[in-house]
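Peer 1: A predicted structure for the sequence below; I have some questions about it.
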Amino acid sequence: MTKKYLITGGAGFIGSNYVARLIRRGEEVAIYDNLSRPGSKLNFAWLESIKTGSFSLIEADIRDQKTLFNAVMDKDVIVHLAGQVAVTTSVINPREDFEINAHGTFNVLEAARNSNKNPIVLYASTNKVYGGMEDIKVIENESNYRYLDFPQGISEKFPLDFHSPYGCSKGTGDQYVRDYHRIYGLPTVVLRQSCIYGPRQFGVEDQGWLAWFIIAVLTGKQISIYGDGKQVRDVLFVEDLLDVYDACIENIDIAAGEVYNIGGGADQMISVWKEFSPILEEMLDKKIPVVWGDWRPGDQKIYVSDIQKAVHELNWQPKVSVRNGLQQLFNWAQENVNLFTA
């Protein structure tokens with residue numbers, strides 16, 4: 001049975017990939033997006049070129065409460081991806097960051113609460129809600145960092161510690177989404193996402209680093225590495241993330257009201273340059289010059305998601321290896337390099 005979906009931020013990186021999946025399998029999809037982010041209009045044009053299925057566009061901002069309420073009214077599922085996505089931008093303009101991420105998410109929840117269908121709401125949260133985690137013991141190796149006491153990574157039980165305006169605004173949304181299940185019975189799910197990557201990602205220096213490095217080397221832009229390049233992140237290919245979204249919806253009786261840490265987990269970790277650069281240089285068949293800079297304030301030496309809760313409760317597992325996923329991202333960027341030079 002088909003469902004009616006509303007994807008906020010549906011022309012973004014994750015959103016456009018999910019819309020493509022949904023329309024190809026015959027779901028009824030509406031995109032809610034103001035098309036302000038770089039690449040969103042290109043992603044929208046790509047979606048229009050898909051011959052299978054169809055979708056509608058509501059070109060509006062999630063701060064527009066009236067338009068959002070009307071858009072939500074008859075939907076079965078809301079996947080809330082729209083947001084301000086960069087820590088650096090949040091520091092420059094914290095008010096706008098709050099209005100988009102915190103108040104915008106509140107608008108989505110109120111629209112869902114007052115709709116006709118008590119819709120499922122999936123919220124794309126972030127691992128930044130755990131803060132800097134300065135007290136965690138870390139081991140330094142030749143090309144990476146590792147946790148001393150958390151071999152599987154950081155679980156959902158780890159204390160919340162919002163850092164930066166971005167962490168505070170996303171964390172506010174995170175907790176409101178949880179509470180709307182507790183108080184109003186809305187079937188909500190919080191997904192604290194780690195580094196997601198894949199095709200259709202128009203990465204920039206302060207957000208989407210894997211895509212940014214690939215785009216930079218293909219277009220001759222300078223790459224700056226802050227710190228020692230050993231910083232470790234768990235990375236997850238976008239199609240594996242979309243499998244989580246589907247699993248939450250299919251298993252909403254289990255997932256409603258829950259929080260899941262979603263990333264590549266302990267099996268899909270990579271250091272931002274010491275381990276990534278050899279892979280990228282092999283793809284390019286040449287050495288890559290970089291400029292080294294000081295550590296950025298609050299930059300974690302390591303963040304890895306413990307994904308065991310999602311694995312066990314949702315019967316989900318990442319399928320795409322880091323090497324395979326990076327090759328797919330590289331191939332897409334190389335084939336579409338004109339999109340980054342226009």
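Peer 2: Cool, got the structure.
Peer 1: contacting residues for G173?
Peer 2: If a contact means Cβ atoms under 8 Å, 6 or more residues apart in numbering, then G173 has N101, A102, G104, T105, F106, Y123, S125 as its contacts. For the C-beta atoms, the positions are set from N, CA and C on the backbone; glycine is no exception.
Peer 1: Report the buried members of those residues.
Peer 2: A residue is treated as buried here by neighbour count (16 or more other Cβ atoms under 10 Å); on that basis the buried members of the contacts of G173 are N101, A102, G104, T105, F106, Y123, S125.
Peer 1: Helix or strand for the third one, just tell me which one.
Peer 2: Going back to what we said before, that points to G104. helix 104-113 (DSSP states H and E).
Peer 1: Okay, now the sheet partners of the very next helix or strand once past that helix, with direction.
Peer 2: With elements assigned by DSSP H and E, the helix or strand that comes after helix 104-113 is strand 120-126. Using DSSP bridges, the neighbouring strands of strand 120-126 in the sheet come out as strand 77-80 (parallel), strand 188-193 (parallel).
Peer 1: Rounded mean pLDDT for strand 120-126, please.
Peer 2: What strand 120-126 shows for mean pLDDT is 98.
Peer 1: same deal with stretch 237-249?
Peer 2: Confidence over stretch 237-249, taken as the mean pLDDT, stands at 99.
Peer 1: Check what contacts it and list those residues.
Peer 2: Taking Cβ under 8 Å, 6+ apart as the rule, stretch 237-249 contacts 3, 13-14, 17-18, 21, 77, 79, 120, 122, 189, 191, 193, 196-201, 255, 260, 262, 264, 310, 314-316, 318-320, 324-325, 328.
Peer 1: what do you get for stretch 333-342?
Peer 2: Residues outside stretch 333-342 that contact it (Cβ under 8 Å, 6+ apart): G39, L42, F202, A211, I214, I215, L218, T219.
Peer 1: The fifth one belongs to a helix?
Peer 2: So that's I214. Yes - read with DSSP: H, G, I helix; E, B strand; the rest coil, I214 is one of the residues of a helix.
Peer 1: Count the residues that sit near it.
Peer 2: Using other Cβ atoms under 10 Å, I214 has 26 neighbouring residues.
Peer 1: For it, which non-adjacent residue is spatially closest?
Peer 2: Nearest non-adjacent residue to I214, counting by Cβ to Cβ, 6 or more residues apart in numbering: A333, 5.0 Å away.
Peer 1: If anything else comes up later, I'll come back, but that's it for now.
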